[in-house]
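K.L.:
dropping the sequence and predicted coords here.
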Amino acid sequence: VFDLFIRVDSNTNGHCLWYSFKVRSSAKQTATFTICNLKSSKTLYNEGQMNPYFYSNLSSKWQQLPCSSGTLRPLKYLFLRSKYPKNKCTHFTLTFEYGFEADEEVHFSYCIPYTYSQLLKTISEVRQIANLHNTQLSISNFCESLSGLEIPLLTFGSGKQCVLISARTHPGESNGSWVV
């Protein structure tokens, strides 16, 4: 049994929902994970419409944990008072089990990650497509993230009309990056 705590999001009043962590198991065993300090009362978890994602080195693909199958117990999303003295607020917990094989490494995540490297690769591909179709494209630095990464701005054409598409404003919104 593992109790996990998420670091608070930057520039928020203690908001915690997004997570990503990796576990390596040397033996075949079942582990229970409880994320102890989630703050959202309304999520797809408590509506039964979402489960954690995982990537195993044995399957080499991202999948969602099923609601129940084999060694997996149904997901629990509960409102609790903290059992940890330093954390006196109320919160939500997310509990799930995973049945590990021997020598398995598994990455668990709120959403399938969309990395900065993937973003740069996508921008490179968009540049190639724009060149192929003689589409005017300029790429500049819109701003920087709190961690200092450049946030790119892609501008198509040169007219006065403007459409702004923002794919992601929070770490857990990687699904927005996948859509765009």
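P.N.:
Received the coordinates, thanks.
K.L.:
do me a favour and average the pLDDT over stretch 54-68.
P.N.:
The average of the pLDDT scores along stretch 54-68 is 87.
K.L.:
pull out the buried positions in that stretch.
P.N.:
By neighbour count with 16 or more other C-beta atoms under 10 Å, stretch 54-68 contains the buried residues F54, Y55, S56, L65. In this view, the C-beta of every residue, glycine as well, is placed from N, C-alpha and C.
K.L.:
mind checking the end-to-end distance for stretch 153-163?
P.N.:
One end of stretch 153-163 sits 12 Å from the other (C-alpha to C-alpha, to the nearest Å).
K.L.:
list the contacts of that stretch.
P.N.:
For stretch 153-163, contacts defined as C-beta atoms under 8 Å, 6 or more residues apart in numbering pick out I123, V126, A130, T135, Q136, L137, S138, I139, S140, N141, F142.
K.L.:
of the residues you listed, which pair is most distant in space?
P.N.:
Greatest spatial distance in the contacts of stretch 153-163: T135 and N141, 20.6 Å, computed using C-beta to C-beta.
K.L.:
still on that earlier bit, any of the contacts of stretch 153-163 buried? List them.
P.N.:
For these, a neighbour count by 16+ other C-beta under 10 Å gives the buried set as A130.
K.L.:
my guess is E150 contacts N141, does it?
P.N.:
Yes. E150 is within contact range of N141, at 4.8 Å (criterion: C-beta atoms under 8 Å).
K.L.:
burial check on the closest residue to S40 other than its chain neighbours, number of neighbours?
P.N.:
Nearest residue to S40 in three dimensions, chain neighbours excluded: L17, at 5.1 Å (C-beta to C-beta, 6 or more residues apart in numbering). Counted by other C-beta atoms under 10 Å, the residues lying close to L17 total 19.
K.L.:
would you mind measuring from L17 to E144?
P.N.:
24 Å (C-beta to C-beta, to the nearest Å).
K.L.:
same check, this time on R7
P.N.:
Taking C-beta to C-beta, one finds R7 at 20 Å from E144.
K.L.:
then the host helix or strand of I35 to CSV, C-alphas only?
P.N.:
Element membership for I35 (DSSP states H and E) is strand 29-38. Only the C-alpha atoms of strand 29-38 are listed here, as CSV (Å, rounded to 0.1, in the frame of the first residue of the first chain):
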residue,chain,number,x,y,z
GLN,A,29,2.8,-8.6,-6.9
THR,A,30,-0.3,-6.4,-6.6
ALA,A,31,0.2,-2.9,-5.2
THR,A,32,-2.5,-0.4,-4.0
PHE,A,33,-1.9,3.3,-4.6
THR,A,34,-3.8,6.1,-2.9
ILE,A,35,-3.3,9.6,-4.0
CYS,A,36,-4.1,11.4,-0.7
ASN,A,37,-4.5,15.1,-1.4
LEU,A,38,-6.7,15.7,-4.4
